[in-house]
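Enquirer: 3D, please:
(chains A and B)
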Amino acid sequence: MKPKGWRELTPGAVILDAGNAREVKTGSWRTFRPVWKEANCIQCLFCWLYCPDMAVIVKDGKMVGFDYDYCKGCGLCAFECPGKKGQKAIVMEEEGK
Amino acid sequence: MARVGAVTGNEAVAEALRQINPDVCAAYPITPQTELMQRFAAFVANGKVDTELILVESEHSAMSACIGAAAAGGRVVTATCGPGLALMWEMLYVASGMRLPIVMPVVNRALSAPLNIHGDHSDAMGARDTGWIQLWSENAQEAYDNAIQAVRIAEDMEIRLPTMVCMDGFVISHSIERAAYLDDETVKAFIGEYKPLNPLLDLDHPKSFGPLILPDLYHEYKRAQHEVMTRVKDVVLAVAAEFEKVSGRRYSLFEAYRLDDAEIGLVILNSAAGTAKDVVDAFRERGIKAGLLKPRLFRPFPYEEVAQVLKGLKAVAVMDRADSFGGYGPVFMEVCSALYPLAERPVVINKIYGLGGRDFLPQHAEAVLMELEEIARTGKTKITKEYIGVRE
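Expert: Okay, here's the model as predicted:
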């Protein structure tokens, strides 16, 4: 998308299109990414509940992965994840490794 | 028929606000603005206006509530002065950046410390860079007239900027003088129905005010804001022309008093200009070609027009009722910027006068004009910036 020039802006920086937050891909902010270990997942959906964005993808009532376009890598899901037998179902891994 | 009364400046502006009948007013009392809002609050309490008056805990909150109400889609006014304006600081930029046409009388008062409640221009001059339009008023009549015109200027669809109407604390706000009011119907017709721009309360078209704008766009938004300011002069003149038709009173970007053939002149804002005009008259009677420029629109500053009326003078004294410590007075800096592009320009000096309500007396203006005569004759300046009316 071509960046806007100053003549094309809405007065007062008012955003006239509702629900356009999805156009801003905040995933690029991430330094650590959550990685889902399905074998340790008990499908408690704590990750979905705690995610401050909407970056936990749930299908048919089950956690199936992350939406990395929007996950900012805050790590709340990994922190809250109870896992199974002491093994976390979500672990944070450094980006670029 | 116009009503003529003996009123204080605060009373005159409160009357203007009654006639404007805004949707919302959020305000906090502070001397010497208190009387203005007290009178307006009485209009609200007595059902003379339809305004929702929001009482808040500070001026920061007053301006915040005004911003919310203006973004919602209402015609909004408030009033403040001195430290109250200073406390609004952060929100002044928000109001102008969001392009909300809030009208705010500012009853000019000194800033602390030392604590002082009297009139000088430190408050509004400190807010000159906030993106607000500033109209300055010599007396109660001008403050009343400016308040009504401010509504039209601020709300112009090409402008949509908040506007301050400045008048001197106590000297004007609390002194009783003659003022002529327009009829309620005339004011109502003059300001017209309020037309909101992208109001939040238009629920069929949801929108967001106040987004985070990062380096990829912020610079462009400020460029756009600068552009809007360049359109203000024309709107101020057009509104003044219409106002003259309904009031018989003429306004412009500034008042050029006996400047046509002047050789020496004063540039001076607000109430002190009245005193200085008398002294200019006395000099004229003695055959000395003195004149005076009283700025009205200080933001945006009309550089080309000011240069045009001052370019023929030999010496000019810019009188500031505020100081930029370590710099020159704020009006001086603008006048010098206006004159600098000229190949031939007057010698310009800066006098700081009347801080914290110190009286500006005819002998002060006389002494400055005599100094200008000397400069005009010799071409020599003793000192560029100087405090006058000050004890050694």
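
Enquirer: where does chain B come near chain A, residue by residue?
Expert: B:97-100, B:160, B:197-198, B:205-211, B:213, B:216-217, B:220-221, B:223-224, B:227-228 (CB under 8 Å from any CB of the partner chain). In this view, the C-beta of every residue, glycine as well, is placed from N, C-alpha and C.

Enquirer: leaving out chain neighbours, which residue sits closest to A:L9?
Expert: B:A224 (5.3 Å; CB to CB, 6 or more residues apart in numbering or on different chains).

Enquirer: which of the helices or strands spans that neighbour?
Expert: Assigned by DSSP states H and E, B:A224 belongs to helix B:218-230.

Enquirer: go through that helix and flag the buried ones.
Expert: Neighbour-count burial for helix B:218-230 flags B:E220, B:Y221, B:A224, B:Q225, B:V228, B:M229 (criterion: 16 or more other CB atoms under 10 Å in any protein chain shown).

Enquirer: what sits against B:V76?
Expert: Residues in contact with B:V76 (CB atoms under 8 Å, 6 or more residues apart in numbering or on different chains) are B:P22, B:D23, B:V24, B:C25, B:A26, B:C66, B:A69, B:A70, B:L100, B:P101, B:I102, B:V103.

Enquirer: now with 7 Å, please.
Expert: B:P22, B:D23, B:V24, B:C66, B:A69, B:A70, B:I102 (CB atoms under 7 Å, 6 or more residues apart in numbering or on different chains).

Enquirer: then B:A65?
Expert: B:A26, B:I54, B:V56.

Enquirer: likewise B:A143?
Expert: B:G9, B:A12, B:V13, B:P105, B:S137, B:V165, B:M167, B:I172.

Enquirer: if we use 10 Å, what do you get?
Expert: Listed by CB atoms under 10 Å, 6 or more residues apart in numbering or on different chains, the contact set of B:A143 reads B:9-10, B:12-13, B:16, B:36, B:105, B:107, B:135-137, B:165-168, B:172-173, B:179, B:270.

Enquirer: what helix or strand does B:N350 sit in?
Expert: Using DSSP H and E, B:N350 falls in strand B:347-352.

Enquirer: just the angle between the following helix or strand past that strand and strand B:347-352, please?
Expert: Counting by DSSP H and E, the next helix or strand C-terminal to strand B:347-352 is helix B:362-378. Per axes from the mean of the first three to the mean of the last three CA atoms, to 10 degrees, the angle that helix B:362-378 makes with strand B:347-352 is 160 degrees.

Enquirer: then helix B:362-378 to CSV, C-alphas only?
Expert: Provided in CSV are the C-alpha atoms of helix B:362-378 (Å, rounded to 0.1, in the frame of the first residue of the first chain):
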residue,chain,number,x,y,z
PRO,B,362,0.7,57.3,29.5
GLN,B,363,4.2,58.4,30.6
HIS,B,364,5.5,54.9,29.7
ALA,B,365,4.3,55.2,26.2
GLU,B,366,5.6,58.8,26.0
ALA,B,367,9.1,57.7,27.1
VAL,B,368,9.1,54.9,24.5
LEU,B,369,7.9,57.2,21.7
MET,B,370,10.6,59.8,22.6
GLU,B,371,13.2,57.1,22.5
LEU,B,372,11.9,56.1,19.0
GLU,B,373,12.2,59.7,17.9
GLU,B,374,15.8,59.7,19.0
ILE,B,375,16.5,56.4,17.2
ALA,B,376,14.7,57.7,14.0
ARG,B,377,16.9,60.9,14.1
THR,B,378,20.3,59.2,14.9
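
Enquirer: what are the buried residues along the helix or strand following it?
Expert: Sequence-wise, the next helix or strand downstream of helix B:362-378 (DSSP H and E) is strand B:385-387. Residues B:K385 are the ones in strand B:385-387 that count as buried (16+ other CB under 10 Å).

Enquirer: again, but for stretch B:86-102
Expert: Buried-residue list, stretch B:86-102, by 16+ other CB under 10 Å: B:86-88, B:91-92, B:94-102.

Enquirer: and stretch B:378-391, by the same measure?
Expert: B:K385, B:I388, B:G389.

Enquirer: ditto for stretch B:251-261
Expert: B:Y251, B:L253, B:F254, B:E255, B:A256, B:Y257, B:R258, B:L259.

Enquirer: stretch B:166-176 too?
Expert: B:C166, B:M167, B:D168, B:G169, B:F170, B:V171, B:I172, B:S173, B:H174.

Enquirer: show me the shaky parts of chain B.
Expert: Within chain B, the ranges that satisfy pLDDT under 70 run B:1.

Enquirer: grab the nearest non-local neighbour of the residue nearest in space to the middle of chain A.
Expert: Centroid-nearest residue in chain A: A:C71, 2.2 Å away (criterion: CA atoms, centre = their mean). Counting by CB to CB, 6+ apart, A:A55 is the residue found nearest to A:C71 once chain neighbours are left out, at 3.7 Å.

Enquirer: what is the neighbour count of the one you found?
Expert: 23 (other CB atoms under 10 Å in any protein chain shown).

Enquirer: tell me the contacts of it?
Expert: A:A55 neighbours (CB under 10 Å, 6+ apart): A:26-27, A:30, A:34, A:47-48, A:65-74, A:77.

Enquirer: and with 6 Å instead?
Expert: Contact analysis of A:A55 by CB atoms under 6 Å, 6 or more residues apart in numbering or on different chains lists A:F66, A:D67, A:Y70, A:C71.

Enquirer: distance of it relative to B:I176?
Expert: 67 Å (CB to CB, to the nearest Å).

Enquirer: mind putting the buried residues of stretch B:86-102 into CSV with secondary structure?
Expert: Formatted as CSV, the buried residues of stretch B:86-102 follow (DSSP: H, G, I helix; E, B strand; the rest coil):
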residue, secondary structure
B:A86, helix
B:L87, helix
B:M88, coil
B:M91, helix
B:L92, helix
B:V94, helix
B:A95, helix
B:S96, helix
B:G97, helix
B:M98, coil
B:R99, coil
B:L100, coil
B:P101, coil
B:I102, coil
